[in-house]
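J.: need the 3D shape of this:
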Amino acid sequence: MSLEFATQRLRLVPGAATPVQGLREPLAERLLHGRAAVLAPALLGRLYALCGQAHRICAEMALQALQTPETPIHMDASQRQALWRETLREHVRRLFLDWPRLLASPAPEGQALAASPALGQSVLPGDSGLVEWVERQVLGMPWLRWQRACQQNPAQGLLQWAHAVHNPLTQALVQAHRWAGAWQVPLQALHTPQPGAQVLTELASALRADGDFARQPRLRGQCRETGCWTRADDAWLPVPDVWTRLAARVWDLAQLAQAQGAQRLHAGACALGDGEAIAWCEMARGLLVHWLRVDAQGRVERYGVLAPTEWNFHPQGAAAQVLRALDAQQPAPPLAAAAAVLVAAFDPCVDYELAPAGAVRRWLVHELSLAGGILQVVEHAAAREAFARVLQLRLEVGKLAGVELQALRFALEAIAPGTLLEGAEILVDEPPGRAWCMGCSMAVEIVQRGDACPACGGHWLTPQGGDALRVVDMQVA
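T.: Numbers count the residues shown, from 1 in each chain. Okay, the predicted model is just below:
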C-alpha cells in the first residue's frame with residue numbers, strides 16, 4: 001500500500017454540514033523540497049505505489065518541459081504503454097477485489113483474476129487473450145455487441161446490460177443501483193487540458209499562491225470532480241447520477257482493452273516560466289496534475305500534486321453533497337452500505353472511516369462481506385443442484401462468531417434483490433459459546449470471547465463451539 005493511503009484517512013460524517021473531514025498532507029513537497037529535481041520520478045513512483053507509473057510519468061514530463069520550455073511535451077511510446085498497463089490493471093483489481101468488499105456482492109472466482117492477461121507485464125492493447133477475457137469475465141458478451149448496446153445511450157445501456165447479464169460484477173451494479181441510481185448529482189468535470197490551456201495557468205497560480213490549495217482544490221471558485229467518467233475522449237458521455245460514475249469503470253476497462261485503448265489516456269506537460277512547469281495525465285482514478293518550481297541549481301523549491309481524491313472528496317464537492325443528504329439517524333448498516341457504494345463510485349481505494357467510526361466501520365467491512373460470501377455459497381449450490389430460487393435459508397451464527405446478527409440480516413436483505421435469495425425467509429440458529437477451561441479442566445458456556453470462566457474466574461479458555469457461521473440447509477424451488 002502506498003504511503004499516501006497508509007497514513008492518511010478521510011472521515012466521512014453523513015448528515016453533517018462538513019461531511020468530509022481530514023485533510024491529507026502534501027507528501028510530495030515534504031519529500032522533495034531541497035532535493036535534486038531529477039530524483040522526483042523515482043521517489044514519487046515509490047511514494048504513491050497505487051498509481052506509481054502515473055506519478056513517475058507526470059514527474060518525467062514536467063522535467064522534460066523544464067529542459068525544452070518552448071516545446072509542448074507528450075508521452076513517448078514507453079510511457080504510454082506503462083500508463084495504459086497500470087490503468088488497466090488498476091481497473092481489474094478494483095472490480096474484482098474492492099467491489100465485492102464495498103458493495104457486498106459475491107466475489108468473482110479467484111482464478112478469474114489470477115488468469116487475467118491484464119496482470120501480465122507484456123500485455124498489449126487489443127491482445128486477443130485480453131479482449132476474450134474481458135468479454136468472458138466482465139462483459140458476458142462479445143465486445144461489439146456490448147458496444148452497440150451502450151453506445152447510443154451509455155447510462156441506460158449500462159443499466160440494461162447489468163440486468164441482462166448475470167455475473168458478480170453485474171450483480172454488484174444491480175445491488176448498488178438502489179442507492180446510487182437515486183443520487184442525482186450534476187457533473188462539474190475537471191476537464192483534461194491541452195498544452196497552453198488557460199486552466200493550466202490558473203491551477204499553477206493557485207498552487208504557487210496557496211500551500212493548502214492541493215488539499216481542497218477549486219477551479220474558478222467551483223468544486224470539480226474527475227474520474228474515468230471525465231476522460232477527454234468521453235466528454236460527450238452523459239453522467240446523470242452516481243451509479244453511472246460507478247459503472248463508468250466497466251465502460252473504461254472495456255474501451256482500454258481494445259486495439260486503440262492506450263490512445264484513450266491523454267497526457268502532457270508545458271513550461272510556465274523560468275524554472276516552473278506543469279504536467280498532467282489521465283489515470284485510473286481520473287486526472288493527475290503535477291506542478292513544480294526549481295532553483296538555479298535544479299533543486300526543488302515547490303512541488304504540488306493535485307490528485308483525484310482531493311477533487312472528488314472536497315468537503316463541498318460531489319461526494320459530499322450525497323453524504324450531507326444522508327439521514328444520519330438511520331441504522332448503522334444501511335448508512336455504512338450507502339457510504340460504501342459512494343466510495344466505490346468516486347474512489348474505491350480511498351482509506352476512510354465512517355462516523356461513528358468504530359461500530360459503523362466494523363459493520364461495513366465484516367457483515368456486508370459475510371453476506372456476499374453466503375450468497376456465493378448459495379450460488380455454488382444452485383450450480384450443482386440446478387435450483388432457481390431459495391425459499392428458506394437456515395444459518396448457524398454462534399455466539400462466539402463475532403457477527404452482529406442485525407447487521408447480517410440487513411446485509412442479506414440489501415443484496416437479495418435480483419439474486420437467488422430474493423424473497424427467501426432467513427432463519428438463524430444461535431448456538432451458545434462453549435470453551436474448555438485450562439484452569440479447572442472442564443467445558444463451560446460463555447457469552448462472548450474474552451469472558452472469564454464462570455466456574456473459576458480464569459481466562460485460560462479455548463473455544464470449542466458456538467464460534468462458526470455456516471449455511472445449515474435450504475428449501476429451494
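
J.: okay, buried residues for stretch 264-283 please.
T.: With burial defined by 16 or more other C-beta atoms under 10 Å, the residues of stretch 264-283 counted as buried are 264-272, 275-283. All C-beta atoms are positioned from the backbone trio N, CA, C, and that covers glycine.

J.: please apply the same query to stretch 57-65.
T.: Residues of stretch 57-65 classed as buried: Ile57, Cys58, Ala59, Glu60, Met61, Ala62, Leu63, Gln64, Ala65 (neighbour count, 16+ other C-beta under 10 Å).

J.: leaving out chain neighbours, which residue sits closest to Val476?
T.: Phe387 (3.9 Å; C-beta to C-beta, 6 or more residues apart in numbering).

J.: now swap in Val131 and tell me
T.: Nearest non-adjacent residue to Val131, counting by C-beta to C-beta, 6+ apart: Ala257, 5.5 Å away.

J.: with Ser369 instead?
T.: Ranked by C-beta to C-beta, 6+ apart and with sequence neighbours excluded, the top spatial neighbour of Ser369 is Arg101, at 5.8 Å.

J.: so which helix or strand takes in that neighbour?
T.: Assigning secondary structure by DSSP states H and E places Arg101 in helix 99-103.

J.: and that helix, C-alpha only, in CSV?
T.: Taking only C-alpha atoms (Å, rounded to 0.1, in the frame of the first residue of the first chain), the coordinates of helix 99-103 have been written out as CSV:
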residue,chain,number,x,y,z
TRP,A,99,-16.3,-4.1,-5.4
PRO,A,100,-17.1,-7.4,-3.5
ARG,A,101,-15.8,-5.7,-0.3
LEU,A,102,-17.5,-2.3,-0.7
LEU,A,103,-20.7,-3.5,-2.5
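
J.: what pLDDT does the residue nearest to Val476 get?
T.: The model reports Phe387 with a pLDDT of 89.

J.: wait, it sits on Gln475?
T.: No. With contact taken as C-beta atoms under 8 Å, Phe387 and Gln475 are classed as non-touching, separated by 9.7 Å.

J.: and Ala206, what are its phi and psi?
T.: Backbone torsions for Ala206, taken as degrees, to the nearest 10, come to phi -70, psi -40.

J.: residue contacts, it?
T.: For Ala206, the set of contacting residues under the criterion of C-beta atoms under 8 Å, 6 or more residues apart in numbering consists of Phe213, Pro217.

J.: please repeat the previous calculation with a cut-off of 7 Å.
T.: Contacts for Ala206 were tallied using C-beta atoms under 7 Å, 6 or more residues apart in numbering; they are Phe213.

J.: nearest residue to the middle of this protein?
T.: Closest to where the C-alpha atoms of the chain average out (C-alpha atoms, centre = their mean) is Pro348, at 1.1 Å.

J.: for it, which non-adjacent residue is closest in space?
T.: Once flanking residues are discounted, Pro348 sits nearest to Asp98: 4.1 Å by C-beta to C-beta, 6+ apart.

J.: the more surrounded of Phe387 and Gln475?
T.: Phe387 (16 against 13; other C-beta atoms under 10 Å).

J.: just checking, the more buried one touches Ala477?
T.: Yes. Checked against C-beta atoms under 7 Å, the pair Phe387 and Ala477 is within contact range at 6.5 Å.

J.: okay, helices next: where are they in the stretch 351-477 of the chain?
T.: In the stretch 351-477 of the chain, the helices defined using DSSP state H, counting those that start in this stretch lie at 357-365, 367-385, 405-415.

J.: okay, the ones you listed in JSON lines with mean neighbour count and distance to Leu219 next?
T.: What follows is the helices of the stretch 351-477 of the chain, written out as JSON lines (neighbours: other C-beta atoms under 10 Å; distance: least, C-beta to C-beta, whole Å):
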{"stretch": "helix 357-365", "mean neighbour count": "17", "distance to Leu219": "31"}
{"stretch": "helix 367-385", "mean neighbour count": "18", "distance to Leu219": "35"}
{"stretch": "helix 405-415", "mean neighbour count": "21", "distance to Leu219": "36"}
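
J.: for Trp460, find the nearest of the ones you listed.
T.: Of all those, helix 357-365 sits nearest to Trp460, with 27.1 Å by C-beta to C-beta.

J.: check what pLDDT Val360 gets.
T.: We have a pLDDT of 48 for Val360.

J.: same check, this time on the one 10 residues further on
T.: The per-residue pLDDT reported for Leu370 equals 83.
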